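*Asks:* The following block contains a protein sequence and its predicted model.
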Amino acid sequence: MQSWKVFITLFAALVADVDGVDEEKICFPHNFLFGVATAAYQIEGAWNVSGKGPSIWDSLTHDHPERIVDRKNPDVAADSYHLFKKDVQLLVKLGIQFYRFSIAWSRILPNGLANNVNEDGIRYYHELIDELNRNNIQPMVTMYHWDLPQYLQDFGGWTNPMIADYFVDYARVLFQNYGSKVGAWVTFNEPLSFCQEGYGGREAPETIEASGFADYLCAHNVLRAHGMVYRMYEREFKAKLMTSIGITLDFSWRAPSSLLADDIIAAETARQFSIGWFAHAIFSKPGDYPLVMRKRIDTISRIQGFSRSRLPHFTAEEIEMIRGSADFFGLNHYTTYLITKSKKKISSKPSYYADMGGLVSQKSSWPKTNSTWLKVVPWGIRLSLNWIKRAYNNPRIIITENGVSLERGLRDKGRTNYIRDYLKYVHAAITKDNCNVYGYTYWSLMDNYEWLRGFSECFGLYKVDFDSPNKTRTPRMSSEYYGRVSRTKCL
Ligand code: GOI
C-alpha cells in the first residue's frame, strides 16, 4: 500500500477508536516500565566543582547571557550534584521503576579525552547509581545529552571525524566503571536536535550555522560513534556484563497539512529527513541513509554546482557496523507538526530545509503550552509508534521522553491530562496495533534549566524553587497522578 493510504486508514481508525473508550479503566501490562528523566546540565549545577571541565553550554551561558531568555545560567541549577539523595527519595515517592539521567562527559573527562580521568566525577555517578540500586530503581544512563566538553568543540566538535574515537574512549571508561550496575545505556540524546540546531541553525552553542553541510557531517559522525560504541561493547564487555544499549531519537509526528498528494509525499519525506536520518542506518534492514535523502541531496548538490554530494557516504564496512547496533529504540515524542510541500525554487545556498522540501507549521487550534513549539496533539504519538513499527520491523521501543511545560504553580491539571491522553494513545498502539513498547518516561522529574529558554519553562512533576538556598522541591498535583499510574499501571 502507498504510504498516504496507510496514513489515512490508520488515522481514521485511531480517531474512531480512542475517543470511545474514555470511561473504561485502561491498564498496561504488569511488566510495563514507568520512569522519569533528567539531564546532567539541566539539573546538576556544580559546573566547575571538583575538577569538572567546561562544556560548550558553560561557555555559552557565561559568555553570551543575552542568548538565554532570562539571561540566567545553571551554574547551580537544581543543585542535584549535592542533593541527589533527596532526588532519589522523590523517585521512591513516585513509585517509578527506572530513572533516566545523563552523565556529564566533562565531569568524567575534563577535556573530553581519556588520558585524564577525574576521580571525583567517577565517584559522583557511583554514589548516584548505588543510591538508585539500593532503592530498587533501575538506572538508565544517557552518555551524551548535549554537553560537549569545550576542548573538543575547539577542534570541530561533531564535525571532526576523530570525535567518534574520543567518544568510544569515553564510553569505555563508563562501561569499565559502571557497566556492572547499569541495565540500560543510551548513547545519544536527540542527535537531530543538536546536529540540526547546533551545526545547521542558531538554537545551540555550537553556532556553526552551516545548514545542509555541517549538520550532515555531525549526523554522520554521531552515527559512526554510536555504531563503534556498540561494537566495542560487544568485543570488550558483552561476555562479562548484562546490559542493553540503544539510542534516543526525537520524532515529532509530521502530518500532511492537506490531503493533496504533494503534501502527503512531503510529509513522508520530512519523516525520512528527521527520524529516518538517524534511524534508517541503525534500525532498517539495508542500513545507510534513507534513499529519499540520498537522492534529493545528491541531486540538489549537483544542481548547486558541487562536485560531490553534501551528504557524506558511509563505507560498506561502516554500513555493516552501524546496521543493527541497538538493543532498543528510545523515542522522545512531545508534539506534532504539519508539513506543506515547498514551492520555492532551489537556490544556490545549501540548506537542510531546502533539501527536505517541506514547510513546517502547527495548527492554531491545537492547545498551547508554555513552549512555543509544543502543542498538545495526543494522537501523534500513536502514529509515530506505528510508523516506527512499520519502517523498522517492529523494534523494541521505550519512550524515553514525553512531557509538557505549564505554569509554575502546583495545581497542574493540564499536565495530568497531557500524561493521561498521551498514554491512552500509547496503550492503543500496544493493544490495538501490536507496537512493541515496553516503557514510558515522563520528562521531567523536576523543573530544570531549559537550555536557551533558561528557567522560564517548567516541565517538572516537582516544582523547584530556584531562588531558595536549598532549591526546595515541591510535588505538583500531577506527581500524585503519575505516581498512581506507575504503581498500578492503570490510567
Ligand atoms: C527535549 O527535546 C530535550 O531532550 C530536553 O533536554 C528538553 O528539556 C525537553 O525537550 C523540553 O524542552 C516554535 C524548524 C518555535 C525550525 C515552533 C521547525 C520554534 C525550528 C517548531 C518547529 C523547535 C525535545 C526546537 C525536542 C528542538 C524543541 C527539539 C523540542 C524549534 C517551532 C521548528 C520551533 C523549529 N525543538 N526539541 N522550532
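*Replies:* Here it is on my side, so go on. Residues are numbered from 1 along each chain as shown.

*Asks:* Residue 195 against residue 159, yeah?
*Replies:* No. Residue 195 is not in contact with residue 159 according to C-beta atoms under 8 Å; the separation is 9.5 Å. All C-beta atoms are positioned from the backbone trio N, CA, C, and that covers glycine.

*Asks:* Between these two, point out the one with more neighbours.
*Replies:* The neighbour count for residue 195 versus residue 159, taken as other C-beta atoms under 10 Å, is higher for residue 195 (29 against 22).

*Asks:* contacting residues for that one?
*Replies:* 158, 215, 218, 219, 222 (C-beta atoms under 8 Å, 6 or more residues apart in numbering).

*Asks:* joint contacts of residue 195 and residue 159?
*Replies:* residue 218.

*Asks:* can you tell me how far residue 201 sits from residue 452?
*Replies:* Noted for residue 201: a distance of 11 Å to residue 452, by C-beta to C-beta, to the nearest Å.

*Asks:* which bits of this protein sit near the ligand?
*Replies:* Counting by C-beta under 6 Å from any ligand atom, the chain comes close to the ligand at 39, 189-190, 193, 250, 332, 334, 360, 372-373, 401, 443, 450, 459.

*Asks:* can you do 5 Å?
*Replies:* Within the chain, the positions near the ligand by C-beta under 5 Å from any ligand atom are 193, 250, 360, 372, 373.

*Asks:* List buried residues within those residues.
*Replies:* 193, 250, 360 (16 or more other C-beta atoms under 10 Å).

*Asks:* As JSON lines, those residues with pLDDT and secondary structure would be great.
*Replies:* Shown next, in JSON lines, are these (pLDDT from 0 to 100; DSSP: H, G, I helix; E, B strand; the rest coil):
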{"residue": "193", "pLDDT": "97", "secondary structure": "helix"}
{"residue": "250", "pLDDT": "98", "secondary structure": "strand"}
{"residue": "360", "pLDDT": "98", "secondary structure": "strand"}
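
*Asks:* Partner strands of the strand or helix carrying residue 255, with direction?
*Replies:* Per DSSP states H and E: residue 255 is located in strand 253-256. The strands that strand 253-256 pairs with in its sheet are strand 336-341 (parallel) (by DSSP bridges).

*Asks:* who's in contact with stretch 375-382?
*Replies:* 11, 14-15, 18, 252-253, 255, 333, 335-336, 362-363, 366-369, 399, 402, 404, 418, 421-422, 424-426, 428-429, 433.

*Asks:* Tabulate the contacts of residue 195 (CSV), appending secondary structure.
*Replies:* Below are the contacts of residue 195 laid out as CSV (DSSP: H, G, I helix; E, B strand; the rest coil):
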residue, secondary structure
158, helix
215, helix
218, helix
219, helix
222, helix
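
*Asks:* want to try a markdown table for the residues you listed, with distance to residue 180, pLDDT and neighbour count as columns?
*Replies:* Shown next, in a markdown table, are the contacts of residue 195 (distance: C-beta to C-beta, whole Å; pLDDT from 0 to 100; neighbours: other C-beta atoms under 10 Å):
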| residue | distance to residue 180 | pLDDT | neighbour count |
| --- | --- | --- | --- |
| 158 | 30 | 98 | 29 |
| 215 | 37 | 97 | 30 |
| 218 | 32 | 98 | 27 |
| 219 | 32 | 98 | 25 |
| 222 | 27 | 99 | 23 |
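
*Asks:* Closest to residue 35 out of the residues of the chain next to the ligand?
*Replies:* Set against residue 35, the nearest of those by C-beta to C-beta is residue 250 (17.3 Å).

*Asks:* for the closest residue to residue 362 other than its chain neighbours, helix, strand, or coil?
*Replies:* Leaving aside its sequence neighbours, residue 362 sits nearest to residue 375 (C-beta to C-beta, 6 or more residues apart in numbering; 5.1 Å). Recorded secondary structure, residue 375: coil (three-state DSSP).

*Asks:* do you know how far residue 375 is from residue 341?
*Replies:* Separation of residue 375 from residue 341 (C-beta to C-beta): 21 Å.

*Asks:* swap in residue 248?
*Replies:* Taken as C-beta to C-beta, the span from residue 248 to residue 341 is 30 Å.

*Asks:* again with residue 302
*Replies:* 21 Å.

*Asks:* the more surrounded of the two?
*Replies:* residue 341 (20 against 12).

*Asks:* surely the more buried one meets residue 268?
*Replies:* No. Look at residue 341 against residue 268 with C-beta under 8 Å: they stay out of range, at 11.0 Å.

*Asks:* one step back: out of the contacts of residue 195, who's nearest the ligand?
*Replies:* residue 215 (12.0 Å; C-beta to the nearest ligand atom).
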